[in-house]
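J.: turn this into a model:
(one chain, ligands or ions: 1)
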Amino acid sequence: MSKRTPKAVPKVLVVDDEPDLRELLELTLIRMGLEVDTAASLAQARKKLETGSYDLCFTDMRLGDGQGLDLIREINTAGLDLPVAVITAYGSMDNAVEALKLGAFDYLSKPVSLDQLRTLVKSALDLDRGREATRDVPSGEKAFIGDSPAIRTALELVDKLSRSQAPVYVTGESGSGKERAARMIHAKSSRSDKPFVAVNCGAIPENLMESEFFGYKKGAFTGADSERDGFFQAAHGGTLFLDEVADLPLLMQVKLLRVIQEKKVRKIGDTQETPVDVRIVCATHQNLANCVEEGRFRQDLYYRLNVIELKMPALREMREDVEAIARHVLQRLAQQSGQSEPKLSSEALAALTAYDFPGNVRELENILERALALSDGQQIGVDDLQLKGSAQDMELGTSAAIGDKCPLQDYLDRVEKEAILEALDKTRFNRTAAAKILGVTFRSLRYRMERLGIN
Ligand SMILES: Nc1ncnc2c1ncn2[C@@H]1O[C@H](COP(=O)(O)OP(=O)(O)OP(=O)(O)O)[C@@H](O)[C@H]1O
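T.: Numbers count the residues shown, from 1 in each chain. A predicted model of the protein is given here:
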């Protein structure tokens, strides 16, 4: 298969075994000013891709001699720089999700609406044009500091994700950079000149949710003196970041799912739905799969949002980056206060590197800010850090803490249970993987779970 070369008129390949649909799509795309080539089967498509060069490919899901999914897989395996959009039968969301996972750019469901087709073509081709220019983090956007394998893996995925339209589910502990990653995906994508709208789902009162998300028409309810856009309209063309998505009430989850599937919103008090082109990135520090199991989060919405998971590493998984991030933070703090950059004493650096940071980079930022205030402004010593669990902290907390630790066996059981539950939670209850994290054998984990009454 050959690589594409940029052309003045973008060229589209339409793959569909139904002649009527193929022709309809072809005519519509030609009317949009595009050059169109067609293929009636998977075999024909392969041949065309070998010899021709295209800027966008549409494929039906079911082809006479195979599946549209095969084509997506092949295009991605061959490393072709070609956005592929699949056309799925109405209501077959599973297929659409599968296609996005395989690297499809986006999907359209039948009957294909002209508005959606236009939006898709526009973003696919804009994306293509902007691709080279957006490889680096645009100026003004905060980069991630760090070069450890853990952060590198995450950033490589950020890069890939910025070239797709698939929904992204960012996971990671509190303060590990989930929002920063979402902003980076947006900033590097073809949507970067459109808004990035961040919504903290846990902070909106339940009775205001619908109007905040979807907007309202004038007179829709008492107090609606003028028409207002919601988050979806505000993010049109751009990215909607749903932070703490696990906090959405169930009723709102149903409404959200509908908008995501239909790509249309209806303002409160409106009779019409309007198409919206919004990429959804969501995050939560909770375990969404557990929320589904407990009936607090709808499985269908989970499935729809969790197309691709981006895991942000905890700071203790990237200890080698602590120094660089700390220096970066100190530089920023010094700049803000107009003072020269303070140094970290070697003991302070060693203590930071050994510390576990339950609050991750945000905690590191807070520790350094407080330490700077406590220090002489020139050098930060280990005492200025006031790390939890340090000798100094222990001394202060001894009398209160010792009571909590007796009887010793109960205390040890509690600690053990917590560690096991955390590992099980992390691995979605995969005991083999949890045993690996804990550094014990599978048998030993099973025995401990039984002993501690963990089912
Ligand atoms: N690798 C990094 N380099 C520099 N700064 C970082 C890095 N990772 C995170 N940060 C900074 O840490 C702070 C916390 O990040 P962010 O708000 O994105 O975390 P979060 O995971 O969304 O947190 P929460 O779960 O509380 O919503 C921000 O100031 C962010 O810029």
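
J.: show me what from the chain comes close to the ligand.
T.: With the criterion set to Cβ under 6 Å from any ligand atom, the chain comes near the ligand through 142, 144-146, 151, 172, 174-180, 243, 285, 325, 361-362, 365. No exception for glycine: its C-beta is placed from N, CA and C like everyone else's.

J.: just the buried ones from the residues you listed, in PyMOL syntax?
T.: Listed next is the PyMOL selection for buried residues among these, using 16 or more other Cβ atoms under 10 Å:
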select buried, resi 144+145+146+151+172+175+176+177+178+179+180+243+285+325+361+365
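
J.: in strands, which of the residues of the chain next to the ligand fall?
T.: D243 (DSSP state E).

J.: compute the distance between the closest residue to the ligand within the stretch 301-450 of the chain and A314, please.
T.: Across the stretch 301-450 of the chain, the shortest distance to the ligand (Cβ to the nearest ligand atom) belongs to V361, at 3.5 Å. Relative to A314, V361 is positioned 9 Å away (Cβ to Cβ, to the nearest Å).

J.: which neighbours do these two share?
T.: S176 (Cβ atoms under 8 Å, 6 or more residues apart in numbering).

J.: what about the residue nearest to V440 when sequence neighbours are not counted, distance to I454?
T.: Leaving out its chain neighbours, the residue that sits closest to V440 by Cβ to Cβ, 6 or more residues apart in numbering is R448, at 7.4 Å. The gap separating R448 from I454 is 8 Å, by Cβ to Cβ.

J.: so for those two, which sits in the more crowded spot?
T.: Neighbours per residue (other Cβ atoms under 10 Å) separate R448 from I454, with R448 holding more: 18 against 14.

J.: could you check the pLDDT of that one?
T.: For R448, the pLDDT comes out at 81.

J.: what sits against it?
T.: 416, 420, 440, 454.

J.: in PDB, list the C-alpha atoms belonging to stretch 193-207.
T.: Taking Å, rounded to 0.1, in the frame of the first residue of the first chain, the C-alpha atoms of stretch 193-207 are listed here in PDB:
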ATOM      1  CA  ASP A 193      -8.600  26.200  17.300                       C
ATOM      2  CA  LYS A 194     -12.000  25.300  18.700                       C
ATOM      3  CA  PRO A 195     -13.000  25.300  22.400                       C
ATOM      4  CA  PHE A 196     -11.800  22.900  25.100                       C
ATOM      5  CA  VAL A 197     -14.600  22.900  27.600                       C
ATOM      6  CA  ALA A 198     -13.800  21.300  31.000                       C
ATOM      7  CA  VAL A 199     -16.800  20.200  33.100                       C
ATOM      8  CA  ASN A 200     -16.500  18.900  36.700                       C
ATOM      9  CA  CYS A 201     -19.500  16.600  36.700                       C
ATOM     10  CA  GLY A 202     -19.400  16.400  40.500                       C
ATOM     11  CA  ALA A 203     -19.700  20.100  41.000                       C
ATOM     12  CA  ILE A 204     -23.000  20.800  39.200                       C
ATOM     13  CA  PRO A 205     -26.200  20.600  41.200                       C
ATOM     14  CA  GLU A 206     -28.400  17.800  39.900                       C
ATOM     15  CA  ASN A 207     -31.400  20.100  39.100                       C
END
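
J.: residue in the stretch 201-350 of the chain nearest to the ligand?
T.: Taking Cβ to the nearest ligand atom, the stretch 201-350 of the chain has H285 as its residue nearest the ligand, at 4.5 Å.

J.: which phi and psi does that residue have?
T.: phi -90, psi 0 (degrees, to the nearest 10).

J.: now, which of the residues of the chain next to the ligand lie within helices?
T.: 151, 178-180, 325, 361-362, 365 (DSSP state H).

J.: same list (these) but as CSV, adding pLDDT.
T.: Formatted as CSV, those follow (pLDDT from 0 to 100):
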residue, pLDDT
I151, 96
K178, 95
E179, 93
R180, 94
I325, 95
V361, 95
R362, 92
E365, 93
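
J.: how many other residues sit next to P195?
T.: P195: 16 surrounding residues under other Cβ under 10 Å.

J.: that one contacts F232, correct?
T.: No - in this structure P195 lies outside contact range of F232 using Cβ atoms under 8 Å: 11.0 Å.

J.: before we move on, back to that, could you flag which of the contacts of R448 are buried?
T.: 420, 440.

J.: pick out the lowest-pLDDT one from the contacts of R448.
T.: Across the contacts of R448, the bottom pLDDT score, 78, is held by V440.

J.: hmm, back to that, and the residue nearest to V440, how far from D277?
T.: Taking Cβ to Cβ as the criterion, R448 is separated from D277 by 51 Å.

J.: give me the contact list for stretch 205-224.
T.: With contact meaning Cβ under 8 Å, 6+ apart, stretch 205-224 is reached by 199, 204, 225-233, 248-249, 252, 255-256, 259, 265-270.

J.: among the residues you listed, which ones are buried?
T.: Buried members of the contacts of stretch 205-224, counted by 16+ other Cβ under 10 Å: 199, 204, 228, 230-233, 248, 252, 255-256, 259, 265-268.

J.: of all the residues you listed, which two lie farthest apart?
T.: R228 and L248 (20.4 Å; Cβ to Cβ).

J.: residue ranges in the protein under the pLDDT threshold?
T.: Across the chain, the ranges flagged by pLDDT under 70 are 1-7, 90-93, 126-142, 389-409.

J.: outline the domain layout of it.
T.: Following automatic domain parsing, one finds the domains of the chain at 11-130, 149-311, 315-400, 405-452.

J.: stretch 54-63: how far from the chain's middle?
T.: The chain centroid and the centroid of stretch 54-63 are separated by 26 Å under Cα atoms, centre = their mean, to the nearest Å.

J.: would you mind measuring the gap between the ends of it?
T.: Taking Cα to Cα, to the nearest Å, stretch 54-63 runs 20 Å from one end to the other.
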